[in-house]
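> Here is a sequence with its predicted model. Questions after.
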Amino acid sequence: MIPPFPIDAVIPWVDGSDPVLSARRASYASGSETANDESGGPTRYQQIGELRYSVASILRYAPWVRKIFIVTDGQDPALGAMLEKHFPERSGDVVTIDHKVIFRGREEYLPVFNSNSIDTLIWNISDLSEHFIYFNDDLMLMSPVTPEDFFRGDKVVCYGSWFPAWFERLLRALKPRHIGFKASMLRALEMMGGGRRFVLMVHTPHPLLKSWYADWAEKRPDMVENNLRYKFRNVLQFEAQEPFYLGMASQGRLILEKEGNVVRYFKRRNSPGYVDSKIAAFDADTTGKFVCFNSLNYCTPDEQEKVLLYLERMTGLGGRPLERREIQMRLLDILRDVDAFCRERGLRYSMAYGTLLGAVRHKGFIPWDDDIDLLMPRPDFERFVAEYGRRGPYEVLYGTDKPEAAFVNFFAKVHDTRTRSIEPRMPAYHFGLNIDIFPVDGKPDDEAVNLRRERRFCSDVHHLYMRLRPLWPLSLHDPLFAHLASYKLSPLQWFERLTSTMKEFPFEGSRLCGSMSVRYVGNAEIFPREMFENYVELPFEDGSFMAFRDWDAFLRQQFGDYMQLPPEDKRKTHELSVFSLPEK
């Protein structure tokens, strides 16, 4: 993607753990300033490496950004190794800019420890493009974005809303010394001449125009000087982006977008499970574009590790993303190991669904497919999940809620622990690339009994999935009352209930057998038991694996005329994002 004009990114950054900078900051600060996190307390400067992920997220999800300028006070962000390993072709596009550069001609205000002061002159970089996007170092992109998310023609996009000035004046009167976000926006409105409302910005990237700021600085030196005179944040300062958006609005060039659909926040709370639930929500998110990790220094070391692992995964720094063919070959390796184990133990299994179709029609993977499905009679399935355990890098997951690799579902997975797999439409589990193994159980002869049973089963499956997903009160997919109903049982209790339903009709004593599905599929999953008792080998890629002897009947019942290729718009994948984790 090539934007219609060059677009840069700018990130102010400070390493609060630098003892030289800390000593210099302390020499200029009063006791009240160093004690107050709103002005100059330690939290304003502490970081645990967020900049690395902010930069990586821009390079990965906005590769059309021309350059990234990191504005700092004589410090080295030490991004060279990360850039050379993951973005070698872009290493020269990340540039460190010293405060002395943006304060040229105004050196008397240095040193400064105040983001409002720095933001007031952050546009003053010689090589900065006319169109640029302002980031904070705790702000990341979490999915691909386009230039139109920030600039549309001659207009700029701000994620926020109008806020009544009178209401913020009332709040300010109640807490006159509070250095609040909204209060500093109101301050900008008042210095710009006043008005009934101001733009309530939220914590997102801010698209800005360099020429507007140059013109503003020349015409309103009083506003510039107002912000520069304070070395630490002060109640009399204003947010430097607010005058710009007010100016754009006065020219009819401001587009206000609602934040709810695209902005996500992490702000550590003491509630149990907050970090885990937030990360699970982020992993399952399909619409978020921006995520802010606020004050990670408040997290415990264990919580910080969880967040950093998520950020490694989100940005791909924890390992490079795998291409589809690489995913297929990794899946094939898992299948080889499962096949060897089953042959050693005399366990029955068959390739199934798209995997079996691929074996017959393509002699391997369906070209656009990215998973492997197996079916096992219940007696063999239970031996498999009990005995497979972990073999080298491969591990079976079934009915486990252990944090490092939870999987509570009615089927099993064998996953590759050297990878991390993210499937947006699945409940947010944390495991590697995997193959699915479904148990085959008996089915009732009475079709009406089977219908009621499978509908009950599908309902329970969806309650389990809702129980595993974070609670979103306004979700259309998970109505609030249904989501609340899912909390009557724990995930493991739902799992036990599903397993009990599946085993109501034993495999060995039933005339009809089949697997269960997350949706009712009628007779598609009902077969004579003999289907699952007789097997042959079929070629698949460069090996041979087990399949039902009557594979033709299975495929016809599942797909109809299975040798006919589907239209291109029906060739769907599972939308996997798979990363190869770094070697330990």
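Looks like it arrived, so ask away.
> correct me, but residue 348 touches residue 383?
No: using Cβ atoms under 8 Å as the test, residue 348 is too far from residue 383 to be in contact (10.1 Å). C-beta: built from backbone N, CA, C; applies to glycine.
> who has more neighbours, the two?
Shown here are residue 348 and residue 383; by other Cβ atoms under 10 Å, residue 348 has more neighbours (18 against 15).
> Tell me which stretches of the stretch 101-250 of the chain form strands.
131-134, 139-141, 151-152, 155-164, 197-201, 206-209 (DSSP state E, counting those that start in this stretch).
> can you put these in CSV and add distance to residue 412 and mean pLDDT?
CSV is the format used below for the strands of the stretch 101-250 of the chain (distance: least, Cβ to Cβ, whole Å; pLDDT from 0 to 100):
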stretch, distance to residue 412, mean pLDDT
strand 131-134, 45, 98
strand 139-141, 34, 95
strand 151-152, 48, 96
strand 155-164, 42, 96
strand 197-201, 48, 95
strand 206-209, 47, 98
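> Which parts of the stretch 301-450 of the chain are strands?
350-351, 373-377, 390-391, 394-397, 412-416, 419-422, 434-443.
> Which elements pack onto the first one?
Under the contact criterion of 3 or more Cβ pairs under 8 Å, 6 or more residues apart in numbering; DSSP states H and E, strand 350-351 touches strand 373-377, strand 535-540, strand 543-548.
> switch the cut-off to 10 Å
Other helices and strands packing on strand 350-351, by 3 or more Cβ pairs under 10 Å, 6 or more residues apart in numbering; DSSP states H and E, are helix 353-361, strand 373-377, strand 535-540, strand 543-548, helix 551-559.
> which stretch among the strands of the stretch 101-250 of the chain comes nearest residue 418?
strand 139-141 (25.0 Å; Cβ to Cβ).
> distance between that closest one and the chain's centre?
Taking Cα atoms, centre = their mean, to the nearest Å, one finds strand 139-141 lying 10 Å from the centre of the chain it belongs to.
> Listing partners with orientation, what would you give for it?
strand 290-294 (antiparallel) (DSSP bridges).
> can you pull the contacts of the residue lying closest to residue 267 once chain neighbours are set aside?
Spatial nearest neighbour of residue 267, excluding adjacent residues (Cβ to Cβ, 6 or more residues apart in numbering): residue 294 at 4.4 Å. With contact set as Cβ atoms under 10 Å, 6 or more residues apart in numbering, residue 294 has these partners: 43, 50, 136, 138, 139, 203, 265, 266, 267, 268.
> Next one: residue 294 from residue 499, what distance?
41 Å (Cβ to Cβ, to the nearest Å).
> Mark out where each domain of this protein begins and ends.
The record's domain split for the chain, according to automatic domain parsing, is 7-315, 324-568.
> Is it possible to get these out as TSV so that each row also shows distance to residue 579?
Listed next are the domains of the chain as TSV, based on distance: least, Cβ to Cβ, whole Å:
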stretch	distance to residue 579
domain 7-315	6
domain 324-568	5
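> how about these, which one is nearest residue 580?
That would be domain 324-568 among these, by Cβ to Cβ, at 5.6 Å.
> gap between residue 230 and residue 71?
When residue 230 is compared with residue 71 (using Cβ to Cβ), they lie 18 Å apart.
> which stretches of the chain have low pLDDT?
Along the chain, segments meeting pLDDT under 70 span 1, 31-47, 302, 319-321, 401-406, 422-430, 469-479, 520, 575, 581-584.
> OK, contacts around the nearest residue to residue 517 once chain neighbours are set aside?
Distances taken as Cβ to Cβ, 6+ apart put residue 525 closest to residue 517, at 6.0 Å, once the chain neighbours are dropped. When contacts are counted by Cβ under 10 Å, 6+ apart, residue 525 touches 375, 438, 440, 443, 450, 454, 512-517, 557-558.
> and what of residue 270?
residue 298.
> so which strand or helix has it?
Residue 270 belongs to no helix or strand when assigned by DSSP states H and E.
> what about the closest residue to residue 229 other than its chain neighbours, distance to residue 324?
Leaving out its chain neighbours, the residue that sits closest to residue 229 by Cβ to Cβ, 6+ apart is residue 109, at 7.1 Å. If you measure residue 109 against residue 324 using Cβ to Cβ, the figure is 54 Å.
> who's more crowded, the two?
residue 109 (19 against 15).
> where's the more buried one relative to residue 2, distance?
Where residue 2 is concerned, residue 109 sits at a distance of 39 Å (Cβ to Cβ).
> Likewise for residue 382?
For residue 382, the distance to residue 2 equals 56 Å [Cβ to Cβ].
> Who has more neighbours out of these two?
Shown here are residue 382 and residue 2; by other Cβ under 10 Å, residue 382 has more neighbours (15 against 6).
> my read: that one touches residue 399, true?
No: Residue 382 is beyond contact range of residue 399, at 11.1 Å (criterion: Cβ atoms under 10 Å).
> shared neighbours of the two, which are they?
residue 412.
> how about the helices of the stretch 101-250 of the chain, start to end?
115-121, 165-174, 181-191, 210-219, 221-228, 242-250 (DSSP state H, counting those that start in this stretch).
> follow-up on the earlier one: compare neighbour counts for residue 230 and residue 71 and give me the winner.
residue 71 (22 against 19).
> what lines up beside the strand or helix carrying that one in the sheet?
Using DSSP H and E, residue 71 maps to strand 68-72. Within its sheet, and counting by DSSP bridges, strand 68-72 is paired with strand 7-12 (parallel), strand 94-98 (parallel).
> buried ones in whatever helix or strand comes next after that strand?
Once the chain leaves strand 68-72, the next helix or strand it forms, by DSSP H and E, is helix 80-86. Within helix 80-86, the residues that qualify as buried are 82, 83, 86, counting by 16 or more other Cβ atoms under 10 Å.
> Sounds good, over and out.
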